[in-house]
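> Next input, structure requested:
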Amino acid sequence: MQRIVKAKIIVEGNAESELVVIRHPVSLLGEFNPNQGTILSFGVKIVVKNKIILIPSIRGSTVGSYVLYAAKENNTAPSGIIALSPDPILITGAVISNIPLYQPLEKINLEEISKYKYACLDQKNSSIVFSMNKTQI
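You can find the predicted model right below:
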């Protein structure tokens with residue numbers, strides 16, 4: 001089972017990886033650990049290193065761009081980001097870190113999407129493919 005969603009490509013690139021859905025805005029400065037590649041969400045450590053993360057948005061300091069860049073330099077960054085509402089801080093961080101950043105062009109339900117285990121950011125087709133297993137991508 002898979003779902004294909006058309007997307008606006010904000011930072012070019014392709015990525016295919018395990019999907020991590022975070023249902024609340026993320027603070028890159030306060031919740032993201034660029035040394036470990038983890039996000040601390042309500043006391044739970046979520047590994048995002050080499051994974052595609054789907055977030056509604058980010059919140060917090062302009063330093064967040066550089067925290068994302070530090071993760072890229074440490075080889076602990078996500079392989080791609082899907083943001084429902086990307087802001088200039090996230091865009092800047094993705095650009096300087098060369099991390100693909102996509103925005104869905106249709107409304108998606110985070111609860112529904114969280115049932116998928118993998119995602120593919122497909123630059124050629126300007127789309128995001130969500131799937132239950134890697135062989136479907």
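> gap between Arg3 and Ile10?
Noted for Arg3: a distance of 20 Å to Ile10, by CB to CB, to the nearest Å. For glycine as for every other residue, the C-beta is placed from the backbone atoms N, C-alpha and C.
> what residue lies at the spatial centre of this structure?
What sits nearest the mean C-alpha location of the chain, by CA atoms, centre = their mean, is Ile81, with 2.2 Å.
> ok, which stretches of this protein are helices?
Assigned by DSSP state H, the helices in the chain fall at 64-73, 88-97, 110-113.
> Hmm, Ala94 and the residue nearest to the centre of the chain touching each other?
Yes. Using CB atoms under 8 Å, Ile81 is in contact with Ala94, at 6.1 Å.
> what touches both of those two?
Residues touching both Ile81 and Ala94 (CB atoms under 8 Å, 6 or more residues apart in numbering) are Pro100, Leu101.
> Can you give me the neighbour number for Ile4?
Using other CB atoms under 10 Å, the number of residues around Ile4 comes to 13.
> so how far is Ala70 from it?
According to CB to CB, Ile4 and Ala70 sit 33 Å apart.
> which stretches of the protein have low pLDDT?
135-137 (pLDDT under 70).
> so where's the longest strand in it?
Using DSSP state E, we find that the single longest strand of the chain is strand 2-11.
> Just the buried positions in that strand, please.
In terms of neighbour count (16 or more other CB atoms under 10 Å), strand 2-11 has its buried residues at Val5, Ala7, Ile9, Ile10, Val11.
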